[in-house]
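Curious how this folds, go ahead:
(one chain, ligands or ions: 1)
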Amino acid sequence: MTKSENKVQRFSIVTLFPDMFSGCLSQGVVGRAVKNGLIEVDFYNPREFTHDKHRTVDDRPYGGGPGMLMMVQPLTDAICAAKAAADEKHTVVYLSPQGRQLNHEGVADLTQKGHLILVAGRYEGIDERVIDSLIDEEWSVGDYVLSGGEIPAMLMMDAVTRLVPSVLGHELSAVEDSFANGLLDCPHYTRPEVLNGASVPAVLLSGNHNKIRQWRLQQSLGRTWQRRPDLLNKLALTEEQRVLLDAFKASLDS
Ligand SMILES: NC(=O)c1ccc(NCc2cccc(O)c2)nc1
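I've put the predicted structure just below:
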């Protein structure tokens, strides 16, 4: 294995609620990656960077209006501490509804950004001057507002971790994951062979691996065409894919 393939993916999370992360860092694929040292995660809590008796971490917005913002001094000190501790190339990411929409392509881009410092906002967000001076990239996980950036940060960490080489047992599952090839995933089946009268598609029991591969590809193409034509329009289909999709469409007319 070349050095780069064994590179540790580091995450630093700037958050008022580090305890929110213990579940996703101890369970499943990400939990195993942490245990195996393939990823490393540490936390910087702005509350630990306060200097007042009440450990204040929020502040009122200029111009009035409802809600609060994250207080500048504890937040900036926490971000700067994370940047100072990063001993390699690092990128400061802010999760917010105003960011670039995250998709598979964006996740792949993020795997090339070195040590990821993820800033999870609370309240109504953070001072724009902090974004201008300390945030390198602003990302959104979707067009909705959550009570904090922590769940988006966990989501981003999970998606990036899955693309770290050797995190996933059988490499292929990442490659074949839907979106990796730009298509939605095909249907999946497991025991029993008949479930409430519904049988598993016969091709999957045939043992003919090329037929199975073609069936799965056709199902992915058909589903993408039916549910997410926007994804399909981005793709240059191979001859095989075009033939399979045409046959899928024709089968709907019969
Ligand atoms: N779609 C997202 O990635 C996302 C991210 C954060 C968030 N909540 C914290 C927050 C942060 C900044 C502004 C703001 O209005 C709310 N909610 C949704």
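
can you list the residues of this protein near the ligand?
By the rule CB under 6 Å from any ligand atom, the part of the chain lying against the ligand is 95-97, 121, 124-125, 140-142, 144-146, 148-149, 152. Every residue, glycine included, has its C-beta placed from N, CA and C.

In helices, which of the residues you listed fall?
P152 (DSSP state H).

From the residues of the chain next to the ligand, list the buried ones, please.
When the residues of the chain next to the ligand are checked for burial by 16 or more other CB atoms under 10 Å, the buried set is L95, S96, P97, G121, G125, S140, V141, G148, G149, P152.

Most widely separated two among those?
The two members of these with the most space between them (CB to CB) are G125 and V141, at 15.0 Å.

which residues of this protein score low on pLDDT?
Across the chain, the ranges flagged by pLDDT under 70 are 1-5, 170-178.

what about the helices in it?
In the chain, the helices defined using DSSP H lie at 22-26, 28-35, 72-85, 104-110, 128-134, 150-162, 172-176, 209-227, 229-232, 239-253.

okay, these, which one's buried deepest?
Ranked by mean neighbour count under mean count of other CB atoms under 10 Å, the helices of the chain are led by helix 150-162, which reaches a mean of 21.

still on that earlier bit, do you know which of the helices of the chain lies nearest K53?
For K53, the closest of the helices of the chain is helix 72-85, at 13.8 Å, according to CB to CB.

what's that closest one packed up against?
Packed against helix 72-85, as judged by 3 or more CB pairs under 8 Å, 6 or more residues apart in numbering; DSSP states H and E, are the following elements: strand 9-14, strand 39-44, strand 90-101, strand 115-120, helix 128-134.

picking that back up, out of the helices of the chain, flag the one nearest Y44.
helix 72-85 (4.2 Å).

How many residues are close by H51?
Residues near H51, counting by other CB atoms under 10 Å, number 9.

show me what contacts it?
Counting by CB atoms under 8 Å, 6 or more residues apart in numbering, H51 makes contact with Q73.

likewise the one 5 residues further on?
Shown here is T56, whose contacts under the criterion CB under 8 Å, 6+ apart are T50, M71, P74.

If we use 10 Å, what do you get?
Going by CB atoms under 10 Å, 6 or more residues apart in numbering, T56 touches P46, R47, T50, M71, Q73, P74.

Pick out the most distant pair among these.
Longest span within those, CB to CB: R47 and Q73, 11.9 Å.

shared neighbours of the two, which are they?
Shared contacts of R47 and Q73, defined by CB under 10 Å, 6+ apart, comprise T56, V57.

From the ligand, how far out is the closest residue to L235 other than its chain neighbours?
Closest residue in space to L235, ignoring its immediate chain neighbours: G182 at 5.0 Å, by CB to CB, 6 or more residues apart in numbering. G182 sits at a distance of 23 Å from the ligand (criterion: CB to the nearest ligand atom, to the nearest Å).

G182 against T238, yeah?
No - at 11.9 Å, G182 does not count as touching T238 under the criterion of CB atoms under 10 Å.

got the phi/psi numbers for G142?
phi 160, psi 170 (degrees, to the nearest 10).

Appreciated, that's everything.
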